[in-house]
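Novice: Here you go, sequence then predicted model.
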Amino acid sequence: MSVVEELIIILGISLDIFAVMECQGSLVARVERKQLTAFCGILVAGQVFALGIGDFISVLLCRSIGKKGDIFLGQVVAAAIFLCLGVRLFLKAWRNERIVERREEKFDVLEFVRLYARTSIFTLLTGLAFGFLESSMWIILILITIMTVLVTVSGMYTGYRLGFEHKIKAYLAGGFLLVVGGMNVIISRIWELI
């Protein structure tokens with residue numbers, strides 16, 4: 001995959017984080033830089049770890065790959081992962097789960113870690129898909145680090161200033177980007193192997 005294609009996928013999964021941080025930003029009494037730095041650190045570490053584990057699993061699964069059909073299967077799985085993650089974000093936008101917007105003086109970081117741990121499976125699946133597509137993991141990790149910090153900070157301040165109403169747009173945009181990424185894999189990679 002090219003860097004632009006990888007960036008599209010990473011932006012798609014990062015917009016889910018933007019929406020979550022927007023909701024968190026709508027709840028805080030004020031944005032504290034120390035707390036925001038902690039959020040960035042937790043999310044970057046979690047994203048890098050989950051992507052790395054996903055890539056490692058794909059390496060283990062691909063050790064026996066040598067036949068054209070096995071490579072084809074890996075790329076089909078990667079496309080399916082991107083498409084399913086996109087559909088998941090569309091469903092989140094459609095459900096539009098409401099939150100009770102109330103100011104909190106102190107934010108529970110431990111609860112935030114638990115929330116992220118439950119959703120990190122989707123990042124792990126993305127790492128698995130990137131592994132099947134033989135993407136450069138160093139470039140992926142650099143892109144995910146930069147994008148995670150950007151969406152965490154912008155999501156928190158957007159929620160703090162404007163509330164959580166823009167999360168639907170973030171889910172729709174992220175879903176669209178992931179579906180485009182999945183279709184791109186089908187068109188460019190899988191079509192070549194047929």
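Specialist: Right, received. Where do you want to start?

Novice: Run through who's touching whichever helix or strand residue 111 is part of.
Specialist: Under the criterion of DSSP states H and E, residue 111 resides in helix 109-132. The contact list for helix 109-132 (C-beta atoms under 8 Å, 6 or more residues apart in numbering) reads 1, 6, 9, 13, 16, 20, 24, 35, 38-39, 42-43, 46-47, 49-59, 61-62, 74-75, 77-79, 81-82, 85, 88, 137, 140. Bear in mind the C-beta positions are built from the backbone N, C-alpha and C, glycine included.

Novice: Over to residue 134. Which of the three states is it?
Specialist: Secondary structure, DSSP: H, G, I helix; E, B strand; the rest coil: residue 134 is coil.

Novice: count of residues packed around it?
Specialist: Other residues within reach of residue 134, judged by other C-beta atoms under 10 Å, total 16.

Novice: So for the helix holding residue 111, what gets flagged as buried?
Specialist: Neighbour counts using 16 or more other C-beta atoms under 10 Å place 112, 116, 120, 122-132 of helix 109-132 among the buried residues.

Novice: Can you name every helix or strand that the helix or strand that comes right after that helix contacts?
Specialist: Using DSSP H and E, the next helix or strand after helix 109-132 towards the C-terminus is helix 137-162. Contact here means 3 or more C-beta pairs under 8 Å, 6 or more residues apart in numbering; DSSP states H and E; on that basis helix 137-162 packs against helix 3-25, helix 33-62, helix 109-132.

Novice: buried set for helix 137-162?
Specialist: Within helix 137-162, the residues that count as buried by 16+ other C-beta under 10 Å are 137, 139-141, 143-145, 147-149, 151-153, 155-156, 158-160.

Novice: Can you report phi and psi for residue 28?
Specialist: With angles defined as degrees, to the nearest 10, residue 28 sits at phi -80, psi 150.
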